[in-house]
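The following comprises the amino acid sequence and a computationally predicted model.
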Amino acid sequence: MQTFPVVYSSLSATSLLQLIRDAYNLDTDYQILFLKRGFNDTYLISGKQERFILRVYNYQWRQLKDIEAELDLLLYLKKNGVFVSAPIQDIKNEYIQPIAAPEGTRYAVLFSYAEGEQIKKLSVDQSLLLGVTTGCMHQLTKDKILPATARDYAVEKQLEHSLQILKPILKDHPAQFDFFIALRESFLKMVASVPEDEIATGICHGDLQAENFHISADNHFTFFDFDFFGKGYLIYDIGVFMWYDHKNKPPAIMNAFLKGYESKCPLSDTEKRLIPWMSTLRAIFQMTMYCELSDGKQLPLWPPQQVADFINKVEKWQKERCG
């Protein structure tokens, strides 16, 4: 009987562990634990003295050149003093392990473990420190140019792509679609009026939320999961932070983050004004990505009503925060 094609396979954890043991010359004391499935499969590799994170990229989620660019960015940040979960070389000085999975070639990378723990509700002091750490990262990525492998967070391109994806979904929800069109026009006018010297650009983390950083016992933040790194306004990262779980982020937390950030990267009045707009942009990007990936084949479709409800949530944010 011919083997039936697959789009996603669950790889043998035992075989993955053996692959890593061989590639990194690890002893037999190391164990493997599957942590989560997402855009990548994530595993914990642990021994008596140290731990690592193994990421196996999903088939065709990222091309090899995209992964290489991500690793270059992480090594650059680590070299310059930013705490990140960084890739580790194997005994052949390679960072990437190709795997012949049933669906096609997938790639595995072993990363250093981000010490500490996830904290969803930051204290004022922790938020201040996170702002400082983010500012340090942006000092290094400001004006930095990476190959075309990085995502492009240009406002015009994001909104045009979102229009193409959301238009057919919102065909029976004219009020929400009209809001999106009006929002798009407001964004384009805003961007056209912004002087280039009043807003910093560079490489963003792209997904600066509690799931993607740990704080250690000695109070330093370590960033990880740079899947969505890309070029754009650096305040996009701030907008992402402000958007996620914003109902549980009182003004004191947000203000502390900005105070810490500005101790490293002062913000212009224009940038401060546009941060809530970047939260809106992130929300639209998030909804578009979910709709694009949920094609009814590998992931269930998002019901149009659910998409419309999300647009209503974005509209409420826009009116409250952006005026």
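Arrived safely.

Okay, helices next: where are they in the chain?
With DSSP state H as the definition, the chain shows helices at residue ranges 13-24, 64-79, 124-141, 155-169, 174-193, 235-243, 251-262, 269-293, 304-317.

quick one: contacts for the closest residue to residue 173 other than its chain neighbours?
Spatially, and ignoring its direct neighbours in sequence, residue 173 is nearest to residue 308 (4.1 Å; CB to CB, 6 or more residues apart in numbering). The way it works is simple: take the backbone N, C-alpha and C, and place the C-beta from them, glycine included. Residue 308 makes contact with 170, 173, 176, according to CB atoms under 8 Å, 6 or more residues apart in numbering.

count of neighbours near the last one?
By other CB atoms under 10 Å, the residues close to residue 176 number 21.

Please apply the same query to residue 28.
Residues contacting residue 28 under the criterion other CB under 10 Å number 9.

Which phi and psi values does it adopt?
When read as degrees, to the nearest 10, the backbone of residue 28 gives phi -80, psi 0.

Touching, it and residue 21? I think so.
Yes - between residue 28 and residue 21 a contact is recorded at 7.3 Å, counting by CB atoms under 8 Å.

what is the rounded mean pLDDT of stretch 229-240?
Averaging pLDDT along stretch 229-240 gives 96.

One more: stretch 300-312?
Stretch 300-312 comes out with an average pLDDT of 90.

All further residue positions should be reported with the first residue as 738.
From this message on, residue numbering opens at 738, which makes the last subject stretch 1037-1049.

what are the pairing partners of the least confident helix or strand in the chain by mean pLDDT, and which direction each?
One helix or strand of the chain scores below all others by mean pLDDT, DSSP states H and E: strand 888-889, with a mean of 88. Sheet pairing of strand 888-889 (DSSP bridges) gives strand 967-970 (parallel).

For burial, what's the neighbour tally of residue 992?
Neighbour count for residue 992, taken as other CB under 10 Å: 14.

Check it and give its pLDDT.
With respect to pLDDT, residue 992 scores 95.

if I look at it, how far off is residue 946?
Noted for residue 992: a distance of 18 Å to residue 946, by CB to CB, to the nearest Å.

do the same with residue 1058
Remark: distance between residue 1058 and residue 946 (CB to CB) = 17 Å.

can you list the weak-confidence ranges in this structure?
Within the chain, the segments meeting pLDDT under 70 span 1034-1035.

what residue is smack in the middle of it?
residue 944 (2.9 Å; CA atoms, centre = their mean).

what about the closest residue to that one other than its chain neighbours, distance to residue 928?
Leaving out its chain neighbours, the residue that sits closest to residue 944 by CB to CB, 6+ apart is residue 965, at 4.4 Å. Counting by CB to CB, the gap from residue 965 to residue 928 is 20 Å.

For these two, indicate the residue with more neighbours.
Using other CB under 10 Å as the criterion, residue 965 and residue 928 rank with residue 965 on top: 20 against 16.

Do I have it right that that one meets residue 942?
Yes - between residue 965 and residue 942 there is a contact under CB under 8 Å: 7.5 Å.

Burial check on residue 875, number of neighbours?
Neighbours around residue 875, by other CB under 10 Å: 23.

er, residue 899 I mean
A count of nearby residues for residue 899, using other CB under 10 Å, gives 21.

Packing partners of the lengthiest strand in the chain?
Longest strand in the chain by number of residues, with DSSP state E as the criterion: strand 841-849. Contact partners of strand 841-849 among helices and strands, from 3 or more CB pairs under 8 Å, 6 or more residues apart in numbering; DSSP states H and E: helix 750-761, strand 788-794, helix 801-816, strand 833-838.

closest one to residue 866 among the ones you listed?
Closest approach to residue 866 among the helices and strands packed on strand 841-849 is made by helix 801-816 (17.1 Å; CB to CB).

quick one: the closest one to strand 833-838, angle?
Helix 801-816 and strand 833-838 are oriented at 150 degrees to each other (axes from the mean of the first three to the mean of the last three CA atoms, to 10 degrees).

what about dumping the CA coordinates of helix 801-816 to CSV?
Backbone C-alpha positions of helix 801-816 (Å, rounded to 0.1, in the frame of the first residue of the first chain) are rendered in CSV as follows:
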residue,chain,number,x,y,z
LEU,A,801,16.3,27.4,5.6
LYS,A,802,17.5,31.0,4.8
ASP,A,803,14.9,32.4,7.2
ILE,A,804,16.2,30.2,10.0
GLU,A,805,19.8,31.1,9.2
ALA,A,806,18.9,34.8,9.4
GLU,A,807,17.2,34.3,12.8
LEU,A,808,20.2,32.5,14.2
ASP,A,809,22.5,35.3,12.9
LEU,A,810,20.4,37.9,14.7
LEU,A,811,20.4,35.9,18.0
LEU,A,812,24.2,35.4,17.9
TYR,A,813,24.7,39.1,17.2
LEU,A,814,22.5,40.0,20.2
LYS,A,815,24.2,37.6,22.5
LYS,A,816,27.7,38.8,21.4
